[in-house]
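Trainee: Sharing a sequence plus its predicted fold:
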Amino acid sequence: MFRALCLAAMLAVLGGCGGGSGSGDRARNISGAGATFPASLYSKWSEGYRGETKIGLNYQAIGSGGGIKQIKAKTVDFGATDKPLTVEELDKAGLYQFPTIIGGVVPILNVQGIAPGQVKLTGPLLADIFLGDVKKWNDPRIASLNPGVKLPDQAITVVHRSDGSGTTFLFTSYLAGVSPAWKQRVGTSDAVAWPTGLAGKGNDGVSAFVKQTAGSIGYVEYAYAKQNNSAHALMQNKDGQFVAPSGESFAAAAAGADWAKAPGNYLLLVDQPGAKSWPITGASFILVYKDQPNAETGRGVLRFFDWAFNKGDQAAAQLDYVPLPANVKDMIRKQWAATLKAQGKPLYPIQ
C-alpha cells in the first residue's frame, strides 16, 4: 500500500507542478483515473511528456472500476480500464475506447525456497487453487507437475483484489475459459465473490499481501511482479508449453489480434494459441466522451496519447509492456478523426 500512495503522490506532483505557477498553467494539465495495470507506464510517459511540453498528467491509479465510474461522472478527462466496455455499454454512456498498450497478468507466490519460474502451473490447477479446492503446496497435483521441486507441507493462502479491477477481469476471464468449475461457481467480472483468500487494493496491495504472507499466491500485472522481485509461476499455454511472463511472450499472444474486426475495439487476448504465448495477456484501454464538452481538454488528451504513440514505445518495452503495432496506432488515429468531436467539429488531427 505504501507504494500505491507513493505512486499516487508522484503522479499528483507531475500533474500539479508546472513550468509556471499560475492557475492558467495548471488548467492545461490532464486528469485521468482508473487501471493500476498500466500506471507505471503512464507515470513514465507523463515524465517524458512534461519534459517536452510543460503539461502534466494527474493520474489516479484507483482500479478499472473506479476509472469507469469517474469518466461516467465526468470528474476526469479520461478513464482507464483493462476491462473493455462492450459497444452497447459505450453507446449508452456516449463513450469511445481505444487500446494503449498490451501486458500480462502473472501469478506470484511466496513459498520458502521457491525461486522465480521454478513452479509450473496449468490453468485448471490455478483455478482450483483460487477456488480453495487445492489447499497445500505439496498437493499431489502441484507435485506431479514439478518433480524435483521441494514443495512444503504448507497451507496455500490466496490473495485477490478488493477493488473493481481490470486485472481481475483478465484473470477471471482466463480461469473461466479453462475451468468449467470456475465458470460455474465464480464467473468473470472486474469484481467477483471470491471463494477464499485475503483482499488487497490495487496491484500494489496484492503484491504487498503476498510479500508479507508465507505460503501465499496472488495475481498482478507483470511490472509489479518485477518491481517487487516477486517469485512468479510458469504457466502452461494453449499449445501445452510452459512459458515465462515477458514482453516476448505477451507479444506472441497479441500477434494474432485483429483490431480492425473488433467492434468498439473490444478484444480479449487471454488463452491465445502459439508456442510462446503467455496465456493471461490483455490490453489496457482509455475511455473518453465522443462529444467532448470542452474542445481544448479533448485535444489535450489526444495530444498526450498521440505523443505516447509516437515516442513512448521504448519506455513501454523497458517496463515489459508491448507497444501497439504501427498499423493499429494509425487505425486508432483514424478513429479519433472520425469519432471525437466538440460542438460538431472534429478534434483530430490537432491543428
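Mentor: Yes, it's here. Just so we're clear, the structure is a prediction, and the values are computed from it rather than from any experiment.
Trainee: first to last residue in stretch 32-39, what's the distance?
Mentor: For stretch 32-39, the first-to-last residue distance is 11 Å (CA to CA, to the nearest Å).
Trainee: Oh, that last question was meant for stretch 260-268, not what I typed.
Mentor: So stretch 260-268: terminal residues 14 Å apart, CA to CA.
Trainee: Would you state the strands of the stretch 1-150 of the chain in chain order?
Mentor: Secondary structure of the stretch 1-150 of the chain (DSSP state E, counting those that start in this stretch): strands at 30-34, 57-61, 78-81, 95-110, 120-121.
Trainee: Give me the pLDDT value at Gly200.
Mentor: Listed pLDDT for Gly200 reads 97.
Trainee: swap in Leu151?
Mentor: At Leu151, the pLDDT value in this model is 97.
Trainee: residues contacting it?
Mentor: Listed by CB atoms under 8 Å, 6 or more residues apart in numbering, the contact set of Leu151 reads 111, 114, 119, 137-138, 142-143. Where you see a C-beta, it was placed from the backbone N, CA and C, and this is true even at glycine.
Trainee: Just the buried ones from the residues you listed, in PyMOL syntax?
Mentor: PyMOL command restricting the contacts of Leu151 to the buried ones, with burial defined by 16 or more other CB atoms under 10 Å:
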select buried, resi 111+114+119+137+142
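Trainee: Okay, and which of the contacts of Leu151 map to helices?
Mentor: Using DSSP state H, 142-143 are the members of those that sit in helices.
Trainee: Redo the contacts of Leu151 as TSV? Include distance to Ala315 and pLDDT.
Mentor: Output for the contacts of Leu151, formatted as TSV (distance: CB to CB, whole Å; pLDDT from 0 to 100):
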residue	distance to Ala315	pLDDT
Val111	33	97
Ile114	31	95
Val119	31	98
Trp137	37	98
Asn138	42	97
Ile142	37	98
Ala143	41	98
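Trainee: As a markdown table, the contacts of Leu151 with distance to Ala155 would be great.
Mentor: As requested, those are exported to a markdown table (distance: CB to CB, whole Å):
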| residue | distance to Ala155 |
| --- | --- |
| Val111 | 11 |
| Ile114 | 15 |
| Val119 | 16 |
| Trp137 | 8 |
| Asn138 | 10 |
| Ile142 | 13 |
| Ala143 | 15 |
